[in-house]
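K.L.:
here is my input, please return the structure:
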Amino acid sequence: MIDLESYRIRIGYYSNSPFRSKKTNDSETQLPVTGKQNQCPISVICILLYYYLVLVMYLCFSCYMLKHSSRNVHVTRFIPIMQTLSLPNASTLSHLVSNFYIAIFSFGFRRLLKNPPLKRKVTARMFVRGMDFRRLSVFPKIVTAASLWVLTFNFLLVVMCNPSMKNPGPAQAFSVFYCNVQGLIPFGELSNENPSLHNTKIHELNHFIHTSKPDIVIYNETWLKESILDSEILPTSVYKVFRLDRCSFTHPPDPQNRNKFRKNGGGVLIAIKHSLDIESKVIPVKCRAEILSIELTEKSGRKIILSSHYRVGTLGTEHHERVTQYLHNIRRRRRVECLALVGDLNLPLTDWEQGYSPVPIEQAFIDTFNDLSLQQLVRGPTHYKGNLLDLVLTDKPDLISDLVVDGKHGICGSDHYTLKFNLKLNAKKKKPVKRKIWNFKQADWVNLNRALSSENWDRLLRGQNIDDAWRIFNNKFTAHCINFIPKISVSDDFQPPWFDSEVYDLCRKKERLHLDSYPVFSNLDSYPVTLMATK
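P.N.:
Okay, the predicted model is just below:
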């Protein structure tokens, strides 16, 4: 027999017993736990957060220094720097973040191994006994903890830096339509302050717009007056219209010869579709020239300037200096990434491939465009006489694609060819809204006429003033229409309600007949313009 105390000693019941079983794993040995060891993770967290804040401050300050290296930066301006954070390029940012991750891992590993018992244990298991990885039970925990810290700080950096500000996603191509319309009012009414519109041209242009559905419309030589409303030219429910009509400020007469420049005519127009989820406004920079500039601001804050300019070919050096000063002023605006200039500049003798012109004033414009890094993208002639008059210039050619000079036929009887191209913007189109319309094809016209005939209109309207009589008639008529004319839901694609599928088919048929009748023309002065009835 053996007593209980001897049995406990033999089986290693006591941790300090010399007879402790050799099968007991080293991992079962309990190390003494002190208050200092419990506080180690908290101190590590605090120090890592401190380094994180230092990195964020360094990122903000370095970004500001990169953008404003020529200015004096004071410490008191750190708060506005934080509010207007703009990241550096991708290589600089990745370099800083990589160094920060290495610092986190190194410091965390060093701090965890600072405890002597844990250090002896980890080093013994890592570098002793032939690198037996089966015994490395502490090192994976350290790696896991460090990886979690890296992922956590990576998420915080992504949220803080907001990469969508720098990389807002793939750009979408929006169609642009340009045309020198050569007057939307008859030539004989140029001197009239309240002229009538050239209905044939208006209908031709609207037909093209409703069938092609361009996102941006640009007109030159509109000849419009202040008395003409925007809704008379383009549907304001579909487009946001910006105009610059000719006046004495934009087209001043020559002091030596006041009859040299025509008082009427000229004018430019830019229209932006309401469906574009983008902010558009006129740049408030005045210029004594017929040039209009629209600033397109994306959700990310990036800005693109779209300008249209009409230049009379007889204008000289003074006009060139005004346009040059104006272009430099708008290009220096903050956060402007691209400048696109579209219009009829009347530079017929310019060789755009060589960048040379024998005419001094044309060469001066070429030098101005070179100073602004503007490239001319149109290669073929834009006039029926073979001249290249209508230009597309930009300092970011990669943002403009699919440029086409439509020389098959002149829209609205103009002797200038139309230009079509796509402008890449980081924006989306607004979703169309469902709306209710009358379905006249399914209307019960017989019963509707019977119901309207059964009303005693003389008793209802006798003795009423004009306003009350109209209200009574409208209420009765609408009530009967609701009873006998059904309604359907359609998608409002920012189109006028009357432009349905039937009208669209008729417009396409008219266009085909137009091309068959006038496939080629050589003299647009005698080009007959006809408008087929659409409905």
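K.L.:
output the lowest mean pLDDT helix or strand found in this structure.
P.N.:
The weakest-scoring helix or strand in the chain, judged by mean pLDDT, DSSP states H and E, is helix 78-83 (a mean of 41).
K.L.:
what about the strands in this structure?
P.N.:
Taking DSSP state E to define them, one finds strands in the chain at 172-180, 216-220, 239-244, 268-273, 279-282, 291-297, 303-310, 336-344, 375-376, 390-394, 400-406, 418-425, 433-438, 487-492.
K.L.:
adding mean neighbour count, distance to F473 and mean pLDDT, write the ones you listed out as a markdown table.
P.N.:
From N, CA and C alone the C-beta is placed, and that goes for glycine too. A markdown table is the format used below for the strands of the chain (neighbours: other Cβ atoms under 10 Å; distance: least, Cβ to Cβ, whole Å; pLDDT from 0 to 100):
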| stretch | mean neighbour count | distance to F473 | mean pLDDT |
| --- | --- | --- | --- |
| strand 172-180 | 21 | 43 | 92 |
| strand 216-220 | 25 | 39 | 95 |
| strand 239-244 | 20 | 34 | 94 |
| strand 268-273 | 24 | 37 | 95 |
| strand 279-282 | 14 | 42 | 94 |
| strand 291-297 | 21 | 45 | 95 |
| strand 303-310 | 22 | 47 | 95 |
| strand 336-344 | 22 | 50 | 93 |
| strand 375-376 | 18 | 61 | 94 |
| strand 390-394 | 24 | 52 | 95 |
| strand 400-406 | 15 | 49 | 90 |
| strand 418-425 | 20 | 46 | 93 |
| strand 433-438 | 11 | 18 | 80 |
| strand 487-492 | 12 | 21 | 78 |
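K.L.:
of all those, which lies closest to W445?
P.N.:
Among the strands of the chain, the nearest to W445 by Cβ to Cβ is strand 433-438 (12.3 Å).
K.L.:
poorly predicted segments of the stretch 251-400 of the chain, please.
P.N.:
Residue ranges of the stretch 251-400 of the chain with pLDDT under 70: 254-261.
K.L.:
go again with 90.
P.N.:
Residue ranges of the stretch 251-400 of the chain with pLDDT under 90: 251-265, 274-275, 277, 298-302, 312-316, 332-335, 337, 379-380, 383-386.
K.L.:
list the buried residues of stretch 196-213.
P.N.:
L197, H198, K201, I202, H203, E204, L205, N206, H207, F208, I209, H210 (16 or more other Cβ atoms under 10 Å).
K.L.:
if we can go back for a sec, as TSV, the strands of the chain with distance to E321 would be great.
P.N.:
Output for the strands of the chain, formatted as TSV (distance: least, Cβ to Cβ, whole Å):
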stretch	distance to E321
strand 172-180	24
strand 216-220	22
strand 239-244	19
strand 268-273	20
strand 279-282	22
strand 291-297	13
strand 303-310	14
strand 336-344	17
strand 375-376	21
strand 390-394	18
strand 400-406	27
strand 418-425	27
strand 433-438	48
strand 487-492	47
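K.L.:
quick one: which of those is nearest C412?
P.N.:
With Cβ to Cβ as the measure, strand 172-180 is the member of the strands of the chain nearest C412 (7.5 Å).
K.L.:
ok, the residue nearest to Q363 when sequence neighbours are not counted - contacts?
P.N.:
Excluding the flanking residues, the one nearest Q363 by Cβ to Cβ, 6 or more residues apart in numbering is S357, at 4.8 Å. By Cβ atoms under 8 Å, 6 or more residues apart in numbering, S357 lies in contact with L347, L349, T350, D351, Q363, I366.
K.L.:
what is the neighbour count of the last one?
P.N.:
Yep, that's I366 we're talking about. The tally of other residues near I366 (other Cβ atoms under 10 Å) stands at 19.
K.L.:
in contact with it, which residues?
P.N.:
Residues near I366 by Cβ under 8 Å, 6+ apart: T350, G355, Y356, S357.
K.L.:
nearest spatial neighbour of the first one, skipping sequence neighbours?
P.N.:
To tie it back to what came earlier, the one meant is T350. S357 (4.2 Å).
K.L.:
ok, and what's touching stretch 184-203?
P.N.:
Taking Cβ under 8 Å, 6+ apart as the rule, stretch 184-203 contacts 181, 183, 219, 222-225, 227-228, 232-233, 264-265, 412-413, 529, 531.
K.L.:
show me which of these are buried.
P.N.:
181, 183, 219, 222-225, 228, 233, 264-265, 412-413, 529.
K.L.:
any chance of CSV for the residues you listed, columns distance to C247?
P.N.:
Below are these laid out as CSV (distance: Cβ to Cβ, whole Å):
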residue, distance to C247
V181, 19
G183, 17
Y219, 17
T222, 13
W223, 13
L224, 11
K225, 10
I228, 14
I233, 18
N264, 10
G265, 11
C412, 24
G413, 26
V529, 29
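K.L.:
what is the burial count for the residue nearest to T211 when sequence neighbours are not counted?
P.N.:
In space, and not counting its chain neighbours, T211 is closest to C507: 5.2 Å by Cβ to Cβ, 6+ apart. Residues lying near C507 (other Cβ under 10 Å) number 19.
K.L.:
and of the contacts of S357, the nearest to W457?
P.N.:
Using Cβ to Cβ, these come closest to W457 at L347, 66.7 Å.
K.L.:
what sits opposite Y178 in the beta ladder?
P.N.:
I218, L419 (DSSP bridges).
K.L.:
the residue lying closest to N370 once chain neighbours are set aside and D458, how far apart?
P.N.:
Spatial nearest neighbour of N370, chain neighbours left out: G355 (6.9 Å); criterion: Cβ to Cβ, 6+ apart. As defined by Cβ to Cβ, to the nearest Å, G355 lies at a distance of 80 Å from D458.
K.L.:
likewise for G266?
P.N.:
57 Å.
K.L.:
ok, the two, which is more surrounded?
P.N.:
G266 (23 against 7).
K.L.:
before we move on, the earlier item: the residue nearest to T211 and N206: what is the separation?
P.N.:
Counting by Cβ to Cβ, the gap from C507 to N206 is 10 Å.
K.L.:
repeat that for A451.
P.N.:
Counting by Cβ to Cβ, the gap from A451 to N206 is 36 Å.
K.L.:
what's the answer for H309, then?
P.N.:
The separation that H309 has from N206, given Cβ to Cβ, amounts to 24 Å.
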